[in-house]
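J.: below: sequence and its predicted model.
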Amino acid sequence: MGFDYLIEIRPVLEKRKLKQKISALKETINLKKTIRVPHLTLVYDFRPKIPNYKLADLVKETATKYETLSFEYDGWVLKETGNGFAFTFKIKPSKELREFRYELYHNIKNSIIENPQVKNYNDASEDDFWYHASIATRLSQTKAEKIEKFTNNEKTIFEKFLKYLQGNNDFTRHKRSLLYPSEVMRIPILRSGRITYEYDKLTNRILNRSEALSRNYLRKTLDAYRKKEEIEAAPDNQTGSQSQVWLISDTHFGHSNIIGYCARPFSDVREMNSILIHNWNATVDKHDTVYFLGDILFGHDSGSKDYWLSKLFGNIVYIRGNHDKDKQNTKPYEKLEYKGYRFLLVHDPDDLPFRWDDWIIHGDKHNNNLEAYPFVNWEKKTINVCAEVIKYRPINFDKIIEIIKNEKKNNILVLGYDGIT
């Protein structure tokens, strides 16, 4: 009998984002063979001494002690292993994830037989365990040197592509390393790469293989995730109160592919459209002002700008986006002063109409370049109000002022997420 079992973290929301990144890297670095779907291994090569469902019970028992198990994809790393070199996404685990992984291994240790060659990996301390998601493995020294040259010159390569491709962001954005906050949603037990059972942390259920692969059950997982993260807004606008000012960008109504591109927590485009409208109207009063910073929709079958605007509350000031073909009742930018601060509102912060040294509020970047354009970039004085970064509903201008005044200068990648500790 072999040691053909693994316990992993399976990417759910970010799966397509990771696959896109790997595909671009494969082409750029000329990698012959890459990992089809990256994953984070928690316990390496073993075979169980107990039935699989009892092993899944131990996973569930351990995981339920932790409210959230979060981590960040934080660039990539090249590392020499016993079988050549491995090129991987670098993972920055939270304290809770480090504790969970260590506790899980020791909880199942007496119920498994390990491959002696990986025992030291599995038994590593909380701080010494190597968290990663492989891009390509078993690489030669020659290939590793080429990858190292690429990663060391990544910024130069990106700027070169940007110059010659005239700003084709769909292509060039994948040349940069990945920075993306995530959390554990599914923990599968695999045999020879196939799911036997899977623990769904969001619904707190053990799934058999059929349920784990079911799109219907994925809906339940995503619904539980949205509730946990408060992504579906409860009505909080008060009709008749003093009017307020809100901002948002890049809803991309009708754009089904944006769900995968930007790891949006929706099962299909109809659900996404419905929740985006609900969130907007549960947040904004009919007499409020909303600055919309472009790209309300995308795609030939996505309706019209006026169709979607007619469904949304508020007096909407529309700043034109790069996908907006209709220039009627839109502006290329807006300059304004609010609560003693000067702001330039523009869709693309890389395409300013003139020099601007004060705060810039923008869209366009989604969550695809959080290193340069997180929710707040204190050095560049930019604020990203793309839907993915502000919990899929307009953000109050007073909230932005509060953050600026408090000078909370830790790296806020997305609203409500203040980084791994």
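T.: Happy to help now that I have it. Numbering: from 1, shown residues only.
J.: and Gly299, what does it touch?
T.: Gly299 is in contact with Gly254, His255, Ser256, counting by CB atoms under 8 Å, 6 or more residues apart in numbering. Glycine gets a C-beta too; all of them are placed from N, C-alpha and C.
J.: neighbour-wise, give me the winner out of those.
T.: His255 (22 neighbours; other CB atoms under 10 Å).
J.: Arg186 and Val12 touch, don't they?
T.: Yes - between Arg186 and Val12 there is a contact under CB atoms under 8 Å: 5.8 Å.
J.: okay, and the common contacts of those two?
T.: Between them, Arg186 and Val12 share these contacting residues under CB under 8 Å, 6+ apart: Thr221.
J.: and the strands in the stretch 1-150 of the chain, which stretches?
T.: 5-9, 40-48, 70-81, 84-93, 112-114, 132-139 (DSSP state E, counting those that start in this stretch).
J.: dump those strands into TSV; add distance to Asn216 and mean neighbour count as well.
T.: Output for the strands of the stretch 1-150 of the chain, formatted as TSV (distance: least, CB to CB, whole Å; neighbours: other CB atoms under 10 Å):
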stretch	distance to Asn216	mean neighbour count
strand 5-9	22	22
strand 40-48	25	20
strand 70-81	26	18
strand 84-93	30	20
strand 112-114	32	17
strand 132-139	27	20
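J.: show me the one of those strands that comes nearest Leu344.
T.: Among the strands of the stretch 1-150 of the chain, strand 70-81 comes nearest to Leu344, with 29.7 Å by CB to CB.
J.: could you dump the strands of the stretch 1-150 of the chain into TSV with distance to Glu271 and mean pLDDT added?
T.: Output for these, formatted as TSV (distance: least, CB to CB, whole Å; pLDDT from 0 to 100):
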stretch	distance to Glu271	mean pLDDT
strand 5-9	25	98
strand 40-48	27	97
strand 70-81	24	94
strand 84-93	28	96
strand 112-114	39	97
strand 132-139	27	95
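J.: who wins for proximity to Trp308 among the ones you listed?
T.: strand 70-81 (31.9 Å).
J.: same for the closest one, what does it pack against?
T.: strand 84-93, helix 95-108, strand 132-139, helix 141-152, strand 179-183 (3 or more CB pairs under 8 Å, 6 or more residues apart in numbering; DSSP states H and E).
J.: just so I know, which of these lies nearest Lys220?
T.: Here strand 179-183 is closest among the helices and strands packed on strand 70-81 (CB to CB), at 16.7 Å.
J.: the closest one pairs with which strands?
T.: strand 70-81 (antiparallel) (DSSP bridges).
J.: ok now the partner strand, how far from the chain's centre?
T.: Strand 70-81 has its C-alpha centroid displaced from the chain centroid by 16 Å (CA atoms, centre = their mean, to the nearest Å).
J.: what of stretch 312-322?
T.: The answer for stretch 312-322 is 25 Å, by CA atoms, centre = their mean.
J.: just the angle for the host helix or strand of Arg226 relative to strand 179-183, thanks.
T.: If you go by DSSP states H and E, Arg226 is part of helix 215-228. Helix 215-228 runs at 100 degrees relative to strand 179-183, counting by axes from the mean of the first three to the mean of the last three CA atoms, to 10 degrees.
J.: distance to Glu388 for the helices and strands packed on strand 70-81 - can I get that in TSV?
T.: TSV is the format used below for those (distance: least, CB to CB, whole Å):
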stretch	distance to Glu388
strand 84-93	19
helix 95-108	22
strand 132-139	21
helix 141-152	26
strand 179-183	10
